[in-house]
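# Sequence first, then the predicted structure:
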Amino acid sequence: MAPNGYLSLVLHAHLPYVRHPEHASFLEEDWLFEAITETYIPLLEILDGLARDSVPASFALTLTPPLCHMLRDPLLQQRYTDHLDRLIALTHREVERTQGHPSQANLATFYRDRLEAAHHAWHNRWKKDLITAFRTFSDAGFLEIITCAATHGFLPLMEVTPEAMRAQILIGRDHYRECFGKDPSGIWLPECAYVPGLDAILKEANLRWFVIDAHGLMFGSPRPRYAIYSPCFTPEGPAAFGRDRDSSRQVWSAEEGYPGDPAYRDFYRDQGFDLPIETLTPFFGNTHRRFTGLKYHRITGPTSNKDLYRRDWALGAADHHANHFVDARRHQIAELRKHMNTAPVVLSPFDAELFGHWWFEGPEWLNWVLRKAAYDQTDFELTTPSRYLQTNDTHQLVAPAASSWGHKGYWEVWLEEANAWIYPHLHTAARRMTELARRFRDSATPELDRTLSQAARELLLAQSSDWAFLMKTGTAVEYATKRTNDHLNRFTRLYDQICTDAVDEAFLANCETRDNIFPTINWRYYA
C-alpha cells in the first residue's frame, strides 16, 4: 500500500577552508578536528549500523568542496591524528585526576573510551579517508551525497558578476566528480539563497534539484498549489524543494527545540576553560584556552550553576525526542494528505554539524529517527529528493522568488554594516578574473595557466560566505577579515603580474602551497 507521504532529511556538512601550512599549528583548524570527532565519524557509524542491519532508511548529505578537500588533505589528516592523540592523552590524565570524584571519573572514562573508539575508527575502520567512506554508503543506497557552490559563496550577491556565480556552481560540480566519480544530482545552494536566473546555471551544470526556503516557493509565480509539500520545477527545469519550518523548528529553535532540554550536555562548559592552564599546557603546547570537547555538565537550565552530565538521562531524552519527531511527522503528513491529491513530501534540512558538535546527542537522535521511521510506523516513507523525483516526475512549474534561510529571509546577514565593505572589492576581483579568462581563454601558456588557476582559487576563497557571516555575528572577526583581505591581496598581486607579464615564481609557489584547493580548476568558466 502506498504511504500517505514522504519524509526527506537533508544534512548540510560544511566548514570554511582553513589550512595553514605556514604555521606548526593553528587554532582555527580545530573547527575541522572537532567536527571529525563529534559529527563526521558519528555519522559514518550511523550509516555503518544502517548497512549492517539492512535498515530501509536513507538521507541526503551535502559534502561541500572545501570540506571534501580538507578531509582529503594529507597535512590536515596528520594534524587531526596528532590532535586526537593529544586529546586521548588528556583524557588519561583526567581519569587519574578525578579518581576521588566518582561522578567526574565516570565522565572522564566515558570520554577516554569514546575518543579511543574514534581513534580506532579513524585509523582502522576508515583509514583516514572519510570521503571514500561516505561514498561507500552512497553507492550502497543509504545516502545521497550532493554538492554545493565551490567555496560556499553567497550567490545572490554575485548577480552583478554572473560569471563568478557560474564559476562557483561549475567548479563545485567538477570537484564533486573528482571525489565521487559521478555527477551530482542535487545541490545545496549556500545559505539556501536563490535569485531568479540561478536555475539556468544549475541546468547548465546538469543539477536536477536544490533546497529553497519556504517563502522562496510561497512567493513564487504562480503560487504553488501544494505549498512547500511538493517540489516545483523552475522555468529552466531543476526542481526546488521547500524547507519545512515545522520540523526544523522542533530541532533548531532555542525555545522549543530538542537540543535545549536540560538533560542534554552543555556545549559551552568545557574543561579547556575549567582546568588550570598549567594542566592543559603539556598537551597543547601554549597558554591559549581552547575547547577540548571534554564537557562534564548538562544544560540544567537558565543558570550558571550546571549539574554534572548524566549520559543515561541524555540518551533517554534523545529516545523520547525521536519518538516525538516521528509522531509529529505522522500527524503532519496525515493532515496534509487530506488536502492534497498527491502524496506530500516533508523536507527537513539541517546543518550537519548540529548533530554531535553543537547537540552532542544529535547522532543518537538521528539514528533513532531513521530506525523508528523505518520500523515503527507505516504512515510515511523515508526518501531522498532524487529518489522522490524518480518516482514522482510530474510537478507544477513555478518561478521561485529571491530568498535565503538567513535572518528575516533575505541577505541582511551577509550584507550589513559589519561586512558590506567586502563587496566592492569582491566585485572588482570578479570582473578582473572574467577579463583575464576572456583574454587568455585560447592562448594561455602552461605557465600562464598555472597563474590563472591560482588567481581563480584566491578569488573563490575570498568569496566564501563564512567570512561575512563571522563578521556579522562578531565571532572570529579578526580572522575572517584577515582571510578576506589576504585572498583579495593575493589575487590582486597575481592579476597585476599577469597584466605586466612579470609573474613572481616564488610568490606563486607560496600561494599554491597555502591555498591548494581545486588542483584541476577550470578558470575558463569565468569566460
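Received the coordinates, thanks. Numbering: from 1, shown residues only.

# what distance separates the start and the end of stretch 335-348?
End-to-end distance for stretch 335-348, by CA to CA, to the nearest Å: 17 Å.

# and that stretch, which residues are buried?
Taking 16 or more other CB atoms under 10 Å as the basis for neighbour counts, the residues of stretch 335-348 that come out buried are Leu336, Arg337, Met340, Ala343, Pro344, Val345, Val346, Leu347, Ser348. The way it works is simple: take the backbone N, C-alpha and C, and place the C-beta from them, glycine included.

# Check stretch 117-133 too.
Neighbour-count burial for stretch 117-133, counted by 16+ other CB under 10 Å, picks out Ala118, His119, Ala121, Trp122, Trp126, Lys128, Leu130, Ile131, Ala133.

# between those residues, which is nearest Asn305?
Distance to Asn305 across those (CB to CB) is lowest for Ala118, with 30.7 Å.

# what's the spacing between that closest one and Phe33?
Separation of Ala118 from Phe33 (CB to CB, to the nearest Å) stands at 11 Å.

# Ala437 now?
Using CB to CB, one gets 36 Å for the distance from Ala437 to Phe33.

# same question, Val346
Computed with CB to CB, the distance linking Val346 and Phe33 is 34 Å.

# Report the secondary structure state of His12.
Using DSSP: H, G, I helix; E, B strand; the rest coil, the structure places His12 in strand.

# How about it, nearest residue that isn't a chain neighbour?
Across the structure, with CB to CB, 6 or more residues apart in numbering as the measure, the residue nearest His12 apart from its sequence neighbours is Thr62 (4.4 Å).

# which secondary structure element contains the one you found?
Here Thr62 is covered by strand 59-63, with elements defined by DSSP states H and E.

# Give the partner strands of that strand in its sheet and their orientations.
When pairs are called by DSSP bridges, strand 59-63 turns out to pair with strand 5-13 (parallel), strand 143-148 (parallel).

# what's the most buried one of those strands?
Relative to the other members of the strands paired with strand 59-63, strand 143-148 carries the highest mean neighbour count by mean count of other CB atoms under 10 Å, namely a mean of 25.

# pLDDT of that strand, averaged?
Mean per-residue pLDDT for strand 143-148: 98.

# Off-centre distance for it?
From the chain centre to the centre of strand 143-148 is a distance of 11 Å (CA atoms, centre = their mean, to the nearest Å).

# what does it rub up against?
Taking CB atoms under 8 Å, 6 or more residues apart in numbering as the criterion, the residues outside strand 143-148 that touch it are 10, 12, 14, 47, 58-65, 134-135, 137-138, 172-173, 175-176, 180, 184-190, 207, 384-387.

# Now do the domain split for the protein, please.
The record's domain parsing of the chain by automatic domain parsing lists 15-257+346-408, 416-526.

# Make CSV from the ones you listed and add distance to Arg298 to it.
Supplementary listing: the domains of the chain in CSV, determined by distance: least, CB to CB, whole Å:
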stretch, distance to Arg298
domain 15-257+346-408, 10
domain 416-526, 24
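
# Mind checking those for the one nearest to Arg310?
domain 15-257+346-408 (8.7 Å).

# Quick one: end-to-end distance for the closest one.
Length of domain 15-257+346-408, first residue to last, CA to CA: 23 Å.

# Looking at this structure, which helix is longest?
Across the chain, the helix with the greatest residue count (assigned by DSSP state H) is helix 311-338.

# still on that earlier bit, so for Ala118 and Phe33, which residues contact both of them?
A shared contact of Ala118 and Phe33, defined by CB under 8 Å, 6+ apart, is any residue touching both; here these are Leu84.

# circling back to that earlier point, relative to strand 5-13, how tilted is the longest helix of the chain?
With axes from the mean of the first three to the mean of the last three CA atoms, to 10 degrees as the basis, helix 311-338 and strand 5-13 are set at 130 degrees to each other.

# Would you give the sheet partners of the helix or strand that comes right after helix 311-338, along with the direction of each?
Tracing the chain past helix 311-338, the next element assigned as helix or strand by DSSP H and E is strand 345-351. Counting by DSSP bridges, the strands paired with strand 345-351 are strand 5-13 (parallel).

# Tell me which residues are up against the helix or strand just after the partner strand.
Scanning the chain past strand 5-13 towards its C-terminal end, the next helix or strand to appear is helix 30-35 (assignment: DSSP H and E). Residues lying outside helix 30-35 but in contact with it, judged by CB under 8 Å, 6+ apart, are 13, 15-16, 18, 67, 70-71, 76, 79-80, 83-84, 290-291, 293, 353, 357.

# The residue of the chain positioned farthest from its centre in helix, strand or coil?
Note on the chain: the largest C-alpha distance from the chain mean falls to Gly100, namely 41.1 Å (CA atoms, centre = their mean). For Gly100, the secondary-structure state derived from three-state DSSP is coil.

# Quick check: it vs Phe491, distance?
In this view, Gly100 and Phe491 are 58 Å apart by CB to CB.

# do the same with Leu347
Leu347 sits 37 Å away from Phe491, taking CB to CB as the criterion.

# ditto for Val211
For Val211, the distance to Phe491 - CB to CB - is 30 Å.

# and Phe210, what is it in contact with?
Gly186, Ile187, Trp188, Leu189, Tyr194, Leu202, Pro238, Ala239, Ala240, Phe241.

# want to throw the residues you listed into TSV with distance to Ala420?
Written out in TSV, the entries for the contacts of Phe210 read as follows (distance: CB to CB, whole Å):
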residue	distance to Ala420
Gly186	32
Ile187	27
Trp188	25
Leu189	22
Tyr194	21
Leu202	28
Pro238	31
Ala239	33
Ala240	29
Phe241	31
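
# quick check, nearest of the residues you listed to Asn286?
Sorting those by how near they are to Asn286, with CB to CB, puts Trp188 at the top with 36.1 Å.

# so the closest one sits right up against Val211, yeah?
Yes - using CB atoms under 8 Å as the test, Trp188 is close enough to Val211 to be in contact (6.1 Å).

# where do the contact lists of the two overlap?
Contact criterion CB under 8 Å, 6+ apart; residues bridging Trp188 and Val211 by contacting each: Val10, Pro349.

# With adjacent residues omitted, what lies nearest to Ser386?
Spatial nearest neighbour of Ser386, excluding adjacent residues (CB to CB, 6+ apart): Ser185 at 4.4 Å.

# I meant Val413, not that one.
Here the residue nearest Val413, using CB to CB, 6+ apart, is Gly406, at 4.1 Å.

# and the one you found, what does it touch?
The neighbours of Gly406, taking CB under 8 Å, 6+ apart as the test, are Glu191, Ala193, Glu412, Val413, Trp414.

# Check the secondary structure at the third one for me.
Same thing as Glu412. For Glu412, the assignment made with three-state DSSP gives coil.

# Got the confidence number for the residue lying closest to it once chain neighbours are set aside?
The shortest distance from Glu412 to any residue that is not its chain neighbour, by CB to CB, 6+ apart, is 7.1 Å, and that residue is Gly406. According to the per-residue confidence, Gly406 scores 93 in pLDDT.

# Likewise for Phe283?
Predicted confidence (pLDDT) for Phe283: 89.

# One more: the one 5 residues further on?
pLDDT for His288: 78.

# residues near the residue nearest to His12, how many?
Using other CB atoms under 10 Å, Thr62 has 25 neighbouring residues.

# Surely it touches Leu15?
No - with contact defined as CB under 8 Å, Thr62 does not count as touching Leu15 (11.5 Å).

# Among the contacts of helix 30-35, name the buried ones.
Buried subset of the contacts of helix 30-35 (neighbour count, 16+ other CB under 10 Å): 13, 15-16, 18, 67, 70-71, 76, 79-80, 83-84, 291, 293, 353, 357.

# Which members of these occur in strands, if any?
Using DSSP state E, the members of the buried ones among the contacts of helix 30-35 that fall in strands are Ala13.

# from the buried ones among the contacts of helix 30-35, which two are the most distant?
Farthest pair in those (CB to CB) is Pro16 and Leu84. Separation: 21.3 Å.

# Okay then, goodbye and thanks.
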